[in-house]
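K.L.:
how would this look folded up:
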Amino acid sequence: MQYMLMCCISEKAWAGLPDNEKDRIMREYGALVQSLAQRGQLRGGGRLHPTSSATTVRMKNGRAVLTDGPFAETKEQLGGYHLVDCKDLDEALSIAARIPTLPAGGAIEVRPLESSHENDLAARR
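P.N.:
The predicted structure follows:
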């Protein structure tokens, strides 16, 4: 089963960390990602630019309306994600608990991916 690990942290809190602390966290991230890749669990992932680079698209009166910035004002912002293969939710939660931004005030939302119709058909064959 695939799980999306959405990594959130306050951009303001991240910016306030000393550079050596950010460097340490990113080294730990690198080691975690490498470990997941070596075990064949990592399916994708990436780090996002700050929310100041975001553009939000909404529909109003049948037309797309673009707004600079994130969709919602929140205490924490989505900073990146990891798509992982796990045998179950417990394994996904175990990986999420090892993400290095947690001690710095981060939060990880873990959600299973729904299987697509094509995957369902292939599994039945």
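K.L.:
alpha carbons only for contacts and neighbour counts from here, please
P.N.:
Noted.
K.L.:
and the residue most central in space within the chain, what element?
P.N.:
Nearest residue to the geometric centre of the chain (Cα atoms, centre = their mean): residue 81, 2.0 Å. In the assignment (DSSP states H and E), residue 81 maps to strand 77-85.
K.L.:
List the neighbours of that strand that are in contact with it.
P.N.:
Residues from elsewhere that reach strand 77-85 (Cα atoms under 8 Å, 6 or more residues apart in numbering): 1-11, 36, 40-51, 92.
K.L.:
Give me the next element, helix or strand, following the helix or strand where residue 34 lies.
P.N.:
Under the assignment given by DSSP H and E, the secondary-structure element containing residue 34 is helix 19-38. Past helix 19-38, heading to the C-terminal end, the next element that is a helix or strand (DSSP H and E) is strand 42-47.
K.L.:
okay, the angle between that following strand and strand 77-85?
P.N.:
The directions of strand 42-47 and strand 77-85 differ by 170 degrees, with axes from the mean of the first three to the mean of the last three Cα atoms, to 10 degrees as the criterion.
K.L.:
Run the angle between strand 42-47 and helix 19-38 for me.
P.N.:
Direction vectors for strand 42-47 and helix 19-38, defined by the same axes, to 10 degrees, enclose an angle of 160 degrees.
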